[in-house]
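Predicted coordinates and the sequence they were generated for:
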Amino acid sequence: MTILRKYSMKHILIAIVPVVLSGATLFLIRESVLLTVGDFLVVQDELQPADVIHVISGPDHRVDYAIQLYERGYARQIFFTGSCWCGTVQGTYAETVGREPSNMVCHHK
């Protein structure tokens, strides 16, 4: 006996529609759900001074934030790692923060 013969189409739709609607609703609100869960899982500690500020390759805002932390005295050096922009960062950003390039360290492959 097949499923269609045992259960009417009405019963099948009653079972499938709520599942599809739930899935669609979760898909539509996924961003807010993920942000809420992420905010719960992230621990926000007070910033503490460190030996070095490590900037991993990525968007420019990471470099800007590292410079802000550097200017506030959270570390005496900034260490850049990652992509090809890393080689030019030392001189350019050292001038930006008014510091010697010796305070900027760069490593890339």
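Perfect, thanks for sending it. Numbers count the residues shown, from 1 in each chain.

For this protein, which segments are assigned as helices?
In the chain, the helices defined using DSSP state H lie at 3-6, 9-28, 30-41, 60-71, 86-96.

would TSV of the ones you listed with mean neighbour count and mean pLDDT be doable?
Quick note: C-beta positions are derived from backbone N, CA and C, even for glycine. TSV is the format used below for these (neighbours: other C-beta atoms under 10 Å; pLDDT from 0 to 100):
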stretch	mean neighbour count	mean pLDDT
helix 3-6	8	59
helix 9-28	10	89
helix 30-41	9	88
helix 60-71	15	83
helix 86-96	15	59
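
Please produce JSON lines containing those, extended by distance to Ala50.
Supplementary listing: those in JSON lines, determined by distance: least, C-beta to C-beta, whole Å:
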{"stretch": "helix 3-6", "distance to Ala50": "63"}
{"stretch": "helix 9-28", "distance to Ala50": "40"}
{"stretch": "helix 30-41", "distance to Ala50": "23"}
{"stretch": "helix 60-71", "distance to Ala50": "9"}
{"stretch": "helix 86-96", "distance to Ala50": "18"}
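
Break this protein into its domains for me.
7-41, 53-108 (automatic domain parsing).

so which of these gets nearest Leu47?
Comparing the domains of the chain against Leu47 with C-beta to C-beta, the closest turns out to be domain 53-108 (6.2 Å).

Can you tell me the closest non-neighbouring residue to Ala75?
In space, and not counting its chain neighbours, Ala75 is closest to Ile53: 4.5 Å by C-beta to C-beta, 6 or more residues apart in numbering.

give me the number of residues near that neighbour?
18 (other C-beta atoms under 10 Å).

Could you give the bridge partners of it?
For Ile53, the beta-bridge partners are Ile78 (DSSP bridges).

now Ala50: how far from Gly23?
As judged by C-beta to C-beta, to the nearest Å, Ala50 and Gly23 stand 45 Å apart.

and what of Ile29?
Taking C-beta to C-beta, one finds Ile29 at 11 Å from Gly23.

Over to Pro49?
In terms of C-beta to C-beta, Pro49 sits 48 Å off from Gly23.

again with Tyr70
47 Å.
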